[in-house]
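1. sequence first, predicted model second:
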Amino acid sequence: MASWDFIQKQILLGEASTGKSSLLVRLTDDRFLTNSEPTIGVEFGSRLVTLTEGKDEGKKVKLQIWDTAGQESFRSITRSYYRGAGGALLIFDITSRPSFIACRSWLADLRAWGEEDLVILLVGNKGDLCAPLEGNEARLARGEVEEAEEEAEAAPTPAAAEGGDDDEEEGEQDEEADTTLTSLPTTTTTSSDPSRAILPSEALSWAREEGLAGYVETSAKSGSGVEAAFDKLTREVHRRHQAGLAARRGAGNAGGSGAFSLGGAAGRSGKCC
Ligand SMILES: Nc1nc2c(ncn2[C@@H]2O[C@H](COP(=O)(O)OP(=O)(O)O)[C@@H](O)[C@H]2O)c(=O)[nH]1
Ligand SMILES: [Mg+2]
């Protein structure tokens with residue numbers, strides 16, 4: 001009997017040095033990849049995720065996570081990397097605005113090469129390098145969007161209020177940002193922490209604008225948020241895929257998209273997700 005019920009391919013994407021290989025090693029080995037180890041060669045990881053809701057609650061998904069093995073430095077990622085992936089983690093380094101801006105072009109690649117129903121989660125890594133967040137921003141960093149929004153409605157955060165009072169002071173900064181950030185949000189939130197380049201509210205706002213599945217902050221170094229990010233993506237891919245299958249069955253077409261089949265592996269358990 002197979003020890004898992006469904007199988008999913010997920011891919012890691014983002015600029016070099018954002019921590020993709022470190023996140024994979026943290027997830028699969030629960031350790032931090034030190035500088036002395038070459039990241040090239042870490043190409044593949046696997047993990048079981050238990051589903052927590054719906055008719056498949058309690059069932060297990062086997063994740064097959066693909067790492068770029070350094071190819072992203074040359075932007076030479078091959079088509080086979082994207083093929084059959086149900087989920088993608090689009091990763092930037094929260095201390096580096098250029099790595100966040102680069103997510104735009106990685107997203108364009110994902111859309112060009114990825115499966116039509118690919119689910120993309122935006123991930124801000126290296127959380128350990130910044131001061132702990134509080135209140136609304138802390139909830140957004142943990143992916144607790146609904147709770148954070150409820151709180152924001154009740155009491156607007158300083159970030160949300162910035163558009164009003166601080167317009168003059170913000171003006172210069174916004175203009176500068178406009179030259180590089182075409183459609184990225186220009187109501188850039190500021191942080192009192194000099195090492196933080198992107199606040200969760202800004203990352204989430206862009207993720208929503210682009211129709212991504214959400215935003216989560218991680219630290220491959222401390223392990224914080226890492227399982228949560230992969231689990232969130234896995235469950236969302238499964239949920240959407242099951243909803244898609246149900247809709248197709250309802251429409252009298254039981255054929256799947258084939259987007260998630262992984263050769264013989266899927267056949268072993270009889271299903272894929
Ligand atoms: N402080 C800190 N450093 C990290 C974290 N993740 C990765 N790094 C470091 O960032 C550098 C690049 O990481 P790596 O995983 O090779 O990035 P990749 O090129 O995207 O695969 C390495 O020096 C890592 O040790 C993190 O969460 N916190
Ligand atoms: Mg790497």
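-> In hand now; what should we look at? Residues are numbered from 1 along each chain as shown. Ligands and ions are numbered 1, 2, ... in the order given.
2. now the helices for the chain?
-> 20-29, 79-82, 97-101, 103-113, 135-141, 145-154, 158-165, 167-180, 200-209, 226-250, 264-269 (DSSP state H).
3. just name the most buried of the ones you listed.
-> The highest mean neighbour count among the helices of the chain, using mean count of other C-beta atoms under 10 Å, belongs to helix 20-29: a mean of 23. Quick note: C-beta positions are derived from backbone N, CA and C, even for glycine.
4. can I get the helices of the chain in JSON lines including distance to I7 and mean pLDDT?
-> Shown next, in JSON lines, are the helices of the chain (distance: least, C-beta to C-beta, whole Å; pLDDT from 0 to 100):
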{"stretch": "helix 20-29", "distance to I7": "16", "mean pLDDT": "92"}
{"stretch": "helix 79-82", "distance to I7": "17", "mean pLDDT": "92"}
{"stretch": "helix 97-101", "distance to I7": "30", "mean pLDDT": "98"}
{"stretch": "helix 103-113", "distance to I7": "20", "mean pLDDT": "97"}
{"stretch": "helix 135-141", "distance to I7": "30", "mean pLDDT": "95"}
{"stretch": "helix 145-154", "distance to I7": "28", "mean pLDDT": "75"}
{"stretch": "helix 158-165", "distance to I7": "40", "mean pLDDT": "46"}
{"stretch": "helix 167-180", "distance to I7": "40", "mean pLDDT": "42"}
{"stretch": "helix 200-209", "distance to I7": "26", "mean pLDDT": "97"}
{"stretch": "helix 226-250", "distance to I7": "11", "mean pLDDT": "92"}
{"stretch": "helix 264-269", "distance to I7": "5", "mean pLDDT": "39"}
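5. so which of those helices gets nearest ligand 2?
-> helix 20-29 (3.3 Å; C-beta to the ion).
6. tell me what that closest one is packed against?
-> strand 6-13, strand 44-50, strand 60-66, strand 87-93, strand 119-125, helix 226-250 (3 or more C-beta pairs under 8 Å, 6 or more residues apart in numbering; DSSP states H and E).
7. quick one: which of the ones you listed is nearest ligand 1?
-> Across these, ligand 1 has its closest neighbour in strand 119-125 (5.1 Å, C-beta to the nearest ligand atom).
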